[in-house]
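In: Mind folding the following:
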Amino acid sequence: MTQVHHVVPRSPNATVHGANGQSVGSEPFSGWLALADPSGPVDLQRLFPELEVWVEPSSAAFSDALAAAQPIMVVLIAPPAGPGDLERVAMWLGTHRDTCAVLLSPHQAVAVRLHALELGFDDAVDLSADPMEVVGRLSIAGRRGPVNGNFPEDRIPVGEGVELDRRVRAIRRDGRLASLRPRELALLEFLAMHPGRAFSREELIKYVWHGVGANERVVDVYVYWLRAKIELDPASPTHLLTVRGGGYLFDPPDSASHSPATTPSNVNEPPTSR
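Out: This next block holds a predicted model:
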């Protein structure tokens with residue numbers, strides 16, 4: 001069967017209306033790809049007229065579109081999105097690190113939203129929330145786009161003999177893989193992509209947990225778990241440091257291929273071990 005690739009419209013305010021509205025060409029679609037009911041409560045094409053949005057109403061059509069496209073963000077709206085679609089997108093994210101994913105689901109589907117976050121989704125939004133919040137959180141996720149840090153490669157040194165392998169979503173200690181919880185991965189990746197910069201617990205809750213399912217104690221627990229995995233002596237960390245006043249900072253190992261970290265501008269005192 002001939003595979004059809006869809007071209008992104010090139011006009012500034014172009015809107016894509018799904019597979020039937022796509023023109024055929026050599027370049028894959030690279031805007032927002034959504035699985036949503038066109039007559040549902042969230043009309044992405046109306047809310048974001050300046051963006052290129054491809055909406056599919058069924059899981060089968062969405063799966064085909066995902067295979068043919070290179071979206072910068074994937075949006076699942078339940079219904080029609082179901083558990084199989086969550087798993088499909090999570091697997092797809094594992095090999096497409098430059099893509100964001102957001103789930104929108106009914107108010108009562110709390111477990112589904114938490115599961116999406118555990119699978120690695122960037123956000124999970126309650127459909128009953130204020131429309132301004134829904135639009136705002138979609139906009140924030142969409143603006144996040146590809147990760148732009150000092151390490152474009154897939155492996156980032158995070159400790160002595162320890163690397164974060166972004167392709168397989170795990171760490172390598174002396175060449176051997178060790179698994180990470182999805183939120184451990186997100187936290188370590190975020191800090192490693194901003195070496196030498198201190199982040200308060202509130203900022204980490206905002207940027208890593210996106211304000212969902214976390215408090216300051218949860219942040220501390222995840223840092224504790226990460227230190228056990230990347231530090232030679234977790235009780236005296238040298239890379240994942242506590243900043244006096246309430247926050248954390250990643251100081252990369254000397255072998256890391258970037259310039260030395262500078263003193264964070266928002267820290268008045270030197271980082272100290274927790």
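
In: Which helix or strand in the protein has the lowest average pLDDT?
Out: Every helix and strand of the chain was ranked by mean pLDDT, DSSP states H and E. The lowest is helix 131-144, at a mean of 80.

In: Quick one: the strands in the stretch 51-200 of the chain, in order.
Out: Here the stretch 51-200 of the chain has its strands, by DSSP state E, counting those that start in this stretch, at 53-56, 73-77, 100-105, 123-126, 155-159, 162-165, 170-173, 176-179, 198-200.

In: quick one, what contacts the residue nearest the centre of the chain?
Out: Residue closest to the average C-alpha location in the chain (Cα atoms, centre = their mean): D122, at 3.9 Å. By Cβ atoms under 8 Å, 6 or more residues apart in numbering, the contact set of D122 is C100, A101, V102, A141, R144, H210. In this view, the C-beta of every residue, glycine as well, is placed from N, C-alpha and C.

In: Is it possible to get a markdown table of those residues that adds distance to R244 and neighbour count?
Out: Shown next, in a markdown table, are the contacts of D122 (distance: Cβ to Cβ, whole Å; neighbours: other Cβ atoms under 10 Å):
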| residue | distance to R244 | neighbour count |
| --- | --- | --- |
| C100 | 33 | 22 |
| A101 | 36 | 24 |
| V102 | 35 | 25 |
| A141 | 32 | 20 |
| R144 | 29 | 16 |
| H210 | 26 | 21 |
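
In: Among the residues you listed, pick out the one closest to A61, please.
Out: A101 (17.7 Å; Cβ to Cβ).

In: Now the residue nearest to the centre of the chain: closest residue in space that isn't a chain neighbour?
Out: If the residues on either side of it in the chain are set aside, D122 comes closest to C100, at 4.5 Å by Cβ to Cβ, 6 or more residues apart in numbering.

In: Ends of stretch 66-86, what's the gap?
Out: End-to-end distance for stretch 66-86, by Cα to Cα, to the nearest Å: 13 Å.

In: Stretch 192-212 too?
Out: Start-to-end, stretch 192-212 (Cα to Cα) is 22 Å.

In: How far does that stretch sit from its chain's centre?
Out: Computed by Cα atoms, centre = their mean, to the nearest Å, the chain-centroid distance of stretch 192-212 equals 13 Å.

In: who are the neighbours in contact with G159?
Out: R173, I230, E231, L232, H239, P253.

In: Only whichever of these are buried, select them in ChimeraX.
Out: A single ChimeraX command is used to select the members of the contacts of G159 judged buried by 16 or more other Cβ atoms under 10 Å:
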select :173,230,231,239
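
In: In helices only, show me the contacts of G159.
Out: Those of the contacts of G159 mapping onto helices are I230, per DSSP state H.

In: Among the contacts of G159, which one lies nearest to G196?
Out: H239 (11.3 Å).

In: Wait, the closest one touches P252, no?
Out: Yes - H239 lies in contact with P252 (Cβ atoms under 8 Å); the separation is 6.7 Å.

In: Are there residues contacting both of those two? Which ones?
Out: Contacts common to H239 and P252, judged by Cβ under 8 Å, 6+ apart, are V158.

In: Alright, calling it a day.
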